[in-house]
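J.: build me a model:
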Amino acid sequence: MNRRTRRASLVLSCLLALGIVAAIAPYLARANNSKQLSTPYPYLAGDDIAHRMGFLFRVTAGLAPAALVDYDRKAKTIVVEIIGSAEKTDGAKREIEAFTATIKDRIVPYAKERHGITLEDRDVTLIYFNDGGEGASPYEIVRRQEGKYVTPARESSEN
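T.: Got it, this is the predicted structure:
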């Protein structure tokens with residue numbers, strides 16, 4: 001009888017657990033922002049060029065740092081955020097120049113051919129972040145904006 005009681009108790013517990021899971025499953029599966037996720041979102045030429053650029057950076061040999069590329073619809077520029085290990089401005093600039101060369105060689109012709117856009121320096125901002133090391137947050141070293149290098153005020157005060 002003791003064995004039967006344990007078995008019955010186990011079966012009852014399993015049925016109860018299944019009932020609870022079945023009762024809350026619809027709530028777990030439903031997205032709270034399903035309406036927002038269903039909102040139409042136009043795909044712009046800038047989005048396409050940024051997507052192409054990001055893909056190219058991932059497959060291009062020699063561009064070791066990670067890069068996140070996005071089209072900033074408000075500023076109407078393509079923003080490339082490069083995360084690398086360079087700690088000094090000169091090293092970060094060298095990394096940015098490698099990305100800039102790839103943009104000029106591969107993305108500028110694509111933008112012209114595909115969209116009829118003459119991509120210029122003012123259309124792309126490249127921001128180099130040091131990865132921050134172990135456990136630290138990335139921080140900006142330098143950016144290339146409208147063809148000119150801009151150093152954050154924080155670093156200027158340190159030098």
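
J.: make it CA atoms for all contacts and neighbour counts henceforth
T.: Fine.

J.: wait, doesn't Val69 sit right on Arg58?
T.: No. Val69 is beyond contact range of Arg58, at 10.6 Å (criterion: CA atoms under 8 Å).

J.: tell me which of these two has more neighbours.
T.: The neighbour comparison of Val69 against Arg58 (other CA atoms under 10 Å) goes to Val69, with 23 against 15.

J.: which one is Asp72 nearest to, not counting chain neighbours?
T.: With CA to CA, 6 or more residues apart in numbering as the criterion, Asp72 has its nearest non-adjacent residue at 5.9 Å, and that residue is Ile78.

J.: tally of neighbours for Ser34?
T.: Neighbourhood size, Ser34 [other CA under 10 Å]: 9.

J.: look up how far Tyr43 lies from it.
T.: According to CA to CA, to the nearest Å, Ser34 and Tyr43 sit 20 Å apart.

J.: check Asn32 too.
T.: For Asn32, the distance to Tyr43 - CA to CA - is 24 Å.

J.: re earlier: beta partners of the residue nearest to Asp72?
T.: Tyr71, Val124 (DSSP bridges).

J.: for the spatially most central residue of the chain, helix, strand, or coil?
T.: Geometric centre of the chain, nearest residue: Leu68, 4.3 Å, by CA atoms, centre = their mean. Three-state assignment for Leu68 (DSSP: H, G, I helix; E, B strand; the rest coil): strand.

J.: just the helices in this protein please.
T.: Using DSSP state H, the helices of the chain run over 2-29, 34-37, 45-59, 89-102, 108-115, 153-158.

J.: Tyr71 contacts Gly54, doesn't it?
T.: No. Applying CA under 8 Å as the test, Tyr71 and Gly54 come out as separate, 10.7 Å apart.
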